[in-house]
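Peer 1: Using only what follows, build the 3D model:
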Amino acid sequence: NQLEITSPQSGGVVSNTVTLIGTVDLPNLGFYKYEIARPGDTIWLTLQAGRGAKHNEPLGQWDVTSLSPGDYLLHLVATDNQGVDLGACQIQVNVIAPPPT
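Peer 2: Okay, the predicted model is just below:
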(Lines give C-alpha, C1' and ligand atoms only; values in the text may rest on other atoms or scores of the structure.)
Protein backbone atom coordinates (compact mmCIF):
# COMPACT_ATOMS: atom_id res chain seq x y z
CA ASN A 1 0.00 0.00 0.00
CA GLN A 2 3.01 2.31 -0.27
CA LEU A 3 3.32 2.15 -4.04
CA GLU A 4 0.28 1.12 -6.06
CA ILE A 5 -1.94 1.96 -9.00
CA THR A 6 -5.60 1.67 -8.03
CA SER A 7 -7.15 2.96 -11.26
CA PRO A 8 -7.18 1.75 -13.91
CA GLN A 9 -7.18 -1.78 -12.57
CA SER A 10 -4.86 -4.46 -13.89
CA GLY A 11 -6.53 -6.22 -16.80
CA GLY A 12 -8.83 -3.25 -17.40
CA VAL A 13 -9.75 -1.58 -20.68
CA VAL A 14 -8.85 2.07 -21.31
CA SER A 15 -9.55 4.61 -24.06
CA ASN A 16 -9.37 8.37 -24.61
CA THR A 17 -7.78 10.10 -21.60
CA VAL A 18 -7.37 8.14 -18.39
CA THR A 19 -6.87 9.59 -14.91
CA LEU A 20 -4.28 7.50 -13.10
CA ILE A 21 -5.05 7.08 -9.41
CA GLY A 22 -2.71 5.56 -6.90
CA THR A 23 -0.56 5.77 -3.82
CA VAL A 24 3.07 6.83 -3.59
CA ASP A 25 4.13 7.07 0.05
CA LEU A 26 7.67 5.94 0.74
CA PRO A 27 10.34 7.25 3.13
CA ASN A 28 12.64 9.90 1.64
CA LEU A 29 10.55 10.10 -1.54
CA GLY A 30 12.20 12.22 -4.20
CA PHE A 31 9.84 11.75 -7.13
CA TYR A 32 7.67 9.23 -8.94
CA LYS A 33 7.09 8.65 -12.62
CA TYR A 34 4.86 6.47 -14.69
CA GLU A 35 5.87 4.78 -17.91
CA ILE A 36 4.42 2.49 -20.56
CA ALA A 37 5.71 -0.32 -22.72
CA ARG A 38 4.29 -3.15 -24.79
CA PRO A 39 4.58 -6.57 -23.13
CA GLY A 40 8.01 -7.99 -23.99
CA ASP A 41 9.55 -4.58 -24.74
CA THR A 42 12.58 -3.53 -22.72
CA ILE A 43 12.33 0.20 -23.43
CA TRP A 44 9.88 2.21 -21.31
CA LEU A 45 8.37 5.52 -22.40
CA THR A 46 8.07 7.97 -19.50
CA LEU A 47 4.71 9.73 -19.60
CA GLN A 48 4.84 12.02 -16.60
CA ALA A 49 6.50 12.52 -13.22
CA GLY A 50 5.49 14.08 -9.94
CA ARG A 51 6.66 14.90 -6.44
CA GLY A 52 5.13 14.50 -3.02
CA ALA A 53 3.25 11.71 -1.33
CA LYS A 54 -0.13 10.67 -2.72
CA HIS A 55 -2.75 8.52 -0.99
CA ASN A 56 -5.20 7.02 -3.48
CA GLU A 57 -5.15 10.31 -5.37
CA PRO A 58 -4.75 11.34 -9.01
CA LEU A 59 -1.15 10.88 -10.18
CA GLY A 60 -1.73 12.37 -13.61
CA GLN A 61 -3.43 11.94 -16.96
CA TRP A 62 -2.64 9.40 -19.68
CA ASP A 63 -3.84 10.22 -23.20
CA VAL A 64 -4.04 6.89 -25.06
CA THR A 65 -5.60 8.25 -28.28
CA SER A 66 -2.31 8.13 -30.21
CA LEU A 67 -1.53 4.51 -29.24
CA SER A 68 -2.28 1.45 -31.33
CA PRO A 69 -4.96 -0.72 -29.73
CA GLY A 70 -3.63 -3.63 -27.70
CA ASP A 71 -2.03 -4.58 -24.42
CA TYR A 72 0.30 -2.19 -22.58
CA LEU A 73 2.18 -2.33 -19.31
CA LEU A 74 1.83 0.69 -17.04
CA HIS A 75 4.75 1.07 -14.65
CA LEU A 76 4.82 3.35 -11.58
CA VAL A 77 8.36 3.92 -10.28
CA ALA A 78 9.46 5.78 -7.13
CA THR A 79 12.93 7.23 -6.48
CA ASP A 80 14.26 8.62 -3.21
CA ASN A 81 15.84 12.04 -2.73
CA GLN A 82 19.29 10.53 -3.41
CA GLY A 83 18.25 9.05 -6.78
CA VAL A 84 17.96 5.47 -5.49
CA ASP A 85 15.14 3.34 -6.92
CA LEU A 86 12.58 2.61 -4.18
CA GLY A 87 10.57 0.09 -6.17
CA ALA A 88 7.96 -0.21 -8.86
CA CYS A 89 4.35 -1.21 -9.36
CA GLN A 90 3.19 -2.58 -12.70
CA ILE A 91 -0.19 -3.37 -14.22
CA GLN A 92 -1.34 -4.45 -17.67
CA VAL A 93 -4.19 -2.71 -19.47
CA ASN A 94 -5.83 -3.06 -22.86
CA VAL A 95 -6.03 0.12 -24.96
CA ILE A 96 -9.04 0.25 -27.26
CA ALA A 97 -9.92 2.73 -29.99
CA PRO A 98 -12.41 5.39 -28.88
CA PRO A 99 -15.95 4.87 -30.11
CA PRO A 100 -16.85 6.76 -33.30
CA THR A 101 -18.59 10.07 -32.80
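Peer 1: So, low pLDDT: which residues of this protein?
Peer 2: Within the chain, the segments meeting pLDDT under 70 span 101.
Peer 1: What segments of it are strands?
Peer 2: Ranges of strands in the chain, per DSSP state E, are 3-7, 13-14, 17-24, 29-37, 45-50, 54-63, 70-80, 85-95.
Peer 1: In a markdown table: those strands, plus mean neighbour count.
Peer 2: Heads up, the C-betas are built off the backbone N, CA and C, glycines and all. Shown next, in a markdown table, are the strands of the chain (neighbours: other CB atoms under 10 Å):
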| stretch | mean neighbour count |
| --- | --- |
| strand 3-7 | 17 |
| strand 13-14 | 14 |
| strand 17-24 | 18 |
| strand 29-37 | 18 |
| strand 45-50 | 13 |
| strand 54-63 | 14 |
| strand 70-80 | 18 |
| strand 85-95 | 15 |
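Peer 1: quick one: contacts for the nearest residue to Leu76 once chain neighbours are set aside?
Peer 2: Residue nearest to Leu76 in three dimensions, not counting chain neighbours: Cys89, with 4.5 Å by CB to CB, 6 or more residues apart in numbering. Cys89 is in contact with Leu3, Glu4, Ile5, Gly22, His75, Leu76, counting by CB atoms under 8 Å, 6 or more residues apart in numbering.
Peer 1: I'd like to know how far Cys89 sits from Ser15.
Peer 2: 22 Å (CB to CB, to the nearest Å).
Peer 1: what does Ala53 give?
Peer 2: Plainly put, Ala53 is 30 Å away from Ser15 if you go by CB to CB.
Peer 1: Looking at the two, which is more packed in?
Peer 2: Between Ala53 and Ser15, Ser15 has the larger neighbour count (other CB atoms under 10 Å), namely 15 against 12.
Peer 1: ok so, going back, and which of the contacts of Cys89 is nearest to Phe31?
Peer 2: Using CB to CB, Leu76 is the member of the contacts of Cys89 that lies nearest Phe31, at 11.6 Å.
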